[in-house]
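Chemist: attaching a predicted model along with its sequence, questions to come.
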Amino acid sequence: MEKLAFSTKVLHTKPNKDDSHRSIRYPIYATAAFDYASSQDIEDAFLMRKPAHSYSRITNPTVEFFEKKITTLEDGISSVAMASGMAAITNTIFNLVGSGDNIVASKYLFGNTYSFFKNTLANLGIEVRFVDHTDFEEVEAAFDEKTRLLFVETIANPQIIVADLDKLSEIAHAKNSIIVVDSTLTTPYLVSAKEHNVDLVIHSTTKYISGGGTSVGGVVTDLGSADWGTFPILAKFAHLGKMAFTARLRKEIYRNLGSALSPNTAYLHTLGLETLALRLRQSSETALTVAEYLQSHDEVLKVNYAGLKTDPYHAVAKQGFNKELYGGLLSFELKDKATSYKFMDSLELVRRATNLNDNTSLIIHPASTIFCEYDAEARAEMGVSEGLIRLSIGLEESEDLIADIQKALAV
Amino acid sequence: MSIEVEINGSKDSLPKELSVAELLSIKKVESPEMVSVELNGEFVDRGAFADSIVKSGDSVEFLYFMGGGAK
């Protein structure tokens, strides 16, 4: 399978067990539990001695099929799908980090991830050391012997800062740590995380992978490079070698936190994967056209999009991303909050909503929404100004979007 | 000469020392493409199945990690 192209792999990854009717589309196993031929069989299933599902909070055939496709696309060893992207992040951290440990994380993060790191983890005795991940000396200096992982996003949102994964992996590994990357905005189509020596890759599958905002989900994939024997919290599972991370996650953290993805959602996500490359290509091409238009407009103070040759992250993205595509998310700055609101309220095609990578173009004012729990000073530290607008480009034609934006900027 | 081993917690007898790959075959293990193997408490890499030898007194576990693994 490794030599097949992206969409061919998506379509031809086989389930672990064929559907009994050999249906072309793998069915939704909408069940909580599974029947066994004998009491011994159910004991064997609980002891992992039998290839059988026991309860859909732990595994389910439809979810497993979706996980297997993600594992194949990432060239990893295992994936665990979750109820949301935040569930994928929280489960991953809880699986690797305990009280007294610390993690190093970019200060440029999705607002809820930042909140989890800054508030939730602090209350549990886990320190998060926020750094500017484009400053490699600062990143390197933040590690100590208790640092379990480095966490960054491929494209930090809404600042649209592109991570140099090769360099950051090198730093994390030199410190005997690992690197965990949120690749939601790039998906495995744009970033082959394993080729950049990433250890764990996470996606909020709610975005592109769901088919374009159809449903909420997340996934974490172990790319097979980490030595889990160095993690004290995984000691009980260390004898399982490369599978230690997945084993503790599946048999303890994910199971106990009740983070399961529903089989109905897994079905939609599997369907979404089939058109991922088509949609991502189109929205990336349109995003570049729109970014170029915005850059030429007098009312726009600044445009953040790595596809622009003048963007400070263009070179890193060109080197790190596949297909010379840069994703469908951009941000730009107008004069202030009032100007931003007037512009956004004048749009007719672009919807005002908090999601991204939907098939419909979506727009939001991050400072007053996703980052509203922080004061202006904290927002400025995170690069979220009062005039910053995030625009997620969908599948509309670029000329229609530009006409809508042009009209709204003129109001 | 046969050897005595323990497989999935039960005593068993094998005709001779066997590789893990041969053991999977002789025991007709269910879904061999999905199975993981522990030999004396240590995980055996799938690529080492042919070279890992099960000897007298060894303990073998066949384990299935249900969920989306690719290899």
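Modeler: Okay, I see it.

Chemist: only C-alpha atoms from now on, for both contacts and neighbour counts.
Modeler: OK.

Chemist: which residues in chain A form strands?
Modeler: Per DSSP state E, chain A carries strands over the ranges A:78-82, A:102-106, A:127-131, A:147-153, A:155-156, A:161-162, A:178-182, A:200-204, A:218-222, A:302-304, A:329-333, A:351-352, A:362-364, A:388-392.

Chemist: the nearest residue to A:I405 once chain neighbours are set aside and chain B, how far apart?
Modeler: Once flanking residues are discounted, A:I405 sits nearest to A:L347: 6.6 Å by C-alpha to C-alpha, 6 or more residues apart in numbering or on different chains. Distance of A:L347 to chain B, computed by C-alpha to the nearest C-alpha, to the nearest Å: 42 Å.

Chemist: repeat that for A:S331.
Modeler: 35 Å.

Chemist: stretch A:91-101 - what's its average pLDDT?
Modeler: When pLDDT is averaged over stretch A:91-101, the result is 97.

Chemist: re the thing from before, quick one: which of the strands of chain A is nearest B:P15?
Modeler: strand A:78-82 (35.1 Å; C-alpha to C-alpha).

Chemist: is that closest one in proximity to chain B?
Modeler: Yes: Strand A:78-82 reaches chain B (C-alpha under 8 Å from any C-alpha of the partner chain) through A:78-80.

Chemist: returning to what we had before: isn't the residue nearest to A:I405 up against A:A408?
Modeler: Yes: counting by C-alpha atoms under 8 Å, A:A408 is a contact partner of A:L347 at 5.5 Å.

Chemist: who in chain B is up against chain A?
Modeler: Counting by C-alpha under 8 Å from any C-alpha, chain B sits next to chain A at B:8, B:30-31, B:34-35, B:38, B:41-43, B:61-71.

Chemist: could you pick out the buried ones from those?
Modeler: Neighbour counting over the residues of chain B next to chain A (16 or more other C-alpha atoms under 10 Å in any protein chain shown) leaves B:34-35, B:38, B:43, B:61-70 as the buried ones.

Chemist: now, these that are in strands?
Modeler: Those of these lying in strands (DSSP E): B:35, B:38, B:43, B:61-64, B:68-69.

Chemist: tabulate the residues you listed (CSV), appending pLDDT.
Modeler: CSV is the format used below for those (pLDDT from 0 to 100):
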residue, pLDDT
B:V35, 92
B:E38, 92
B:F43, 89
B:E61, 93
B:F62, 94
B:L63, 92
B:Y64, 92
B:G68, 82
B:G69, 75
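
Chemist: so which of those residues is the closest to A:R379?
Modeler: When these are compared against A:R379 (criterion: C-alpha to C-alpha), the nearest one is B:G68, at 38.6 Å.

Chemist: and the closest one, what are its bridge partners?
Modeler: A:S79 (DSSP bridges).

Chemist: roughly how far apart are it and A:P61?
Modeler: 9 Å (C-alpha to C-alpha, to the nearest Å).

Chemist: repeat for A:T221
Modeler: 18 Å.

Chemist: which helix in chain A runs the most residues?
Modeler: helix A:276-295 (DSSP state H).

Chemist: give me the angle between that helix and strand A:329-333.
Modeler: Counting by axes from the mean of the first three to the mean of the last three C-alpha atoms, to 10 degrees, helix A:276-295 points 10 degrees away from the direction of strand A:329-333.

Chemist: dump the residue contacts of the closest residue in space to A:H239 that isn't next to it in sequence.
Modeler: Spatial nearest neighbour of A:H239, excluding adjacent residues (C-alpha to C-alpha, 6+ apart): B:E42 at 5.2 Å. By C-alpha atoms under 8 Å, 6 or more residues apart in numbering or on different chains, the contact set of B:E42 is A:239-241.

Chemist: out of those residues, who's the most crowded?
Modeler: In terms of neighbour count, A:L240 stands highest of the contacts of B:E42 at 24 neighbours, by other C-alpha atoms under 10 Å in any protein chain shown.

Chemist: next one, pLDDT for it please.
Modeler: So, for A:L240, pLDDT stands at 88.

Chemist: got the contact list for it?
Modeler: A:247, B:38, B:42-43.

Chemist: any chance of those residues in a markdown table, with distance to A:H203 too?
Modeler: Output for those, formatted as a markdown table (distance: C-alpha to C-alpha, whole Å):
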| residue | distance to A:H203 |
| --- | --- |
| A:A247 | 20 |
| B:E38 | 31 |
| B:E42 | 31 |
| B:F43 | 28 |
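
Chemist: rebuild the buried ones among the residues of chain B next to chain A as a markdown table, extending it with distance to A:T289.
Modeler: Shown next, in a markdown table, are those (distance: C-alpha to C-alpha, whole Å):
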| residue | distance to A:T289 |
| --- | --- |
| B:M34 | 46 |
| B:V35 | 49 |
| B:E38 | 55 |
| B:F43 | 52 |
| B:E61 | 57 |
| B:F62 | 55 |
| B:L63 | 52 |
| B:Y64 | 49 |
| B:F65 | 46 |
| B:M66 | 45 |
| B:G67 | 41 |
| B:G68 | 38 |
| B:G69 | 39 |
| B:A70 | 38 |
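
Chemist: what's the closest of those to A:Y208?
Modeler: B:G68 (19.8 Å).

Chemist: coming back round to it: do you know how far the residue nearest to A:H239 is from A:Q159?
Modeler: B:E42 is 46 Å from A:Q159, by C-alpha to C-alpha.

Chemist: cool, A:Y341 as well?
Modeler: 19 Å.

Chemist: those two - which one has more neighbours?
Modeler: A:Q159 (24 against 15).

Chemist: quick check: closest non-adjacent residue to the more buried one.
Modeler: A:G383 (6.4 Å).

Chemist: which ones are touching whichever residue of the stretch 251-400 of chain A sits closest to chain B?
Modeler: Closest approach of the stretch 251-400 of chain A to chain B (C-alpha to the nearest C-alpha) occurs at A:K251, with a separation of 9.7 Å. Shown in contact with A:K251 (C-alpha under 8 Å, 6+ apart): A:I58.

Chemist: pLDDT value on it, please?
Modeler: So A:K251 comes in at 91 (pLDDT).

Chemist: before we move on, back to that, got a pLDDT number for the residue nearest to A:I405?
Modeler: 98.

Chemist: ditto for B:K71
Modeler: Taking B:K71 on its own, its pLDDT is 50.

Chemist: likewise B:K27?
Modeler: For B:K27, the predicted pLDDT is 94.

Chemist: neighbours around B:I26, how many?
Modeler: Neighbour number of B:I26 under other C-alpha under 10 Å is 11.

Chemist: let me fix that: A:V181
Modeler: By other C-alpha under 10 Å, neighbour count at A:V181 equals 24.
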